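[1] A structural model of the following input is requested.
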Amino acid sequence: MISVAIRDEFIKLGQAMKLCGAVESGAEAKEVITEGKVTVNGEVDLRRGRKLVPGDTFSYRGKDYQITSR
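    Coordinates of the predicted model:
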């Protein structure tokens with residue numbers, strides 16, 4: 001599992017994907033999220049604005065990422 005450390009109390013899914021390098025841009029994040037290629041806590045979520053908090057996980061392209069606090 002890859003750790004994604006954040007400073008604030010939450011981060012939006014699209015931002016988290018860019019932060020950890022899972023995607024190159026916000027446009028790419030929007031595309032893969034709306035196509036149902038990303039799961040959040042084990043379920044497909046089509047909202048790139050989905051708020052993730054420490055302890056949440058998301059998966060994309062066979063890799064798992066966990067939100068942690070700094």
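[2] C-alpha from now on. contacts and neighbour counts both.
    OK.
[3] what's in contact with the longest helix belonging to the chain?
    The longest helix of the chain (DSSP state H) is helix 26-34. For helix 26-34, the surrounding residues in contact (Cα atoms under 8 Å, 6 or more residues apart in numbering) are G14, Q15, M17, K18, V23, V38, D45, L46, R47, R48.
[4] emit the PyMOL select command for whichever of the residues you listed are buried.
    Buried members of the contacts of helix 26-34, defined by 16 or more other Cα atoms under 10 Å, are picked up in PyMOL with:
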select buried, resi 14+15+17+23+38+45+46+48
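[5] can you list which of the contacts of helix 26-34 are found in strands?
    V38 (DSSP state E).
[6] can I get the contacts of helix 26-34 in JSON lines with distance to Y65?
    Compiled in JSON lines, the contacts of helix 26-34 are given as follows (distance: Cα to Cα, whole Å):
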{"residue": "G14", "distance to Y65": "13"}
{"residue": "Q15", "distance to Y65": "13"}
{"residue": "M17", "distance to Y65": "9"}
{"residue": "K18", "distance to Y65": "12"}
{"residue": "V23", "distance to Y65": "13"}
{"residue": "V38", "distance to Y65": "11"}
{"residue": "D45", "distance to Y65": "15"}
{"residue": "L46", "distance to Y65": "17"}
{"residue": "R47", "distance to Y65": "17"}
{"residue": "R48", "distance to Y65": "15"}
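[7] so K63 makes contact with M1?
    Yes - K63 lies in contact with M1 (Cα atoms under 8 Å); the separation is 7.2 Å.
[8] what sits closest to A22 if chain neighbours are left out?
    Leaving out its chain neighbours, the residue that sits closest to A22 by Cα to Cα, 6 or more residues apart in numbering is Y60, at 7.5 Å.
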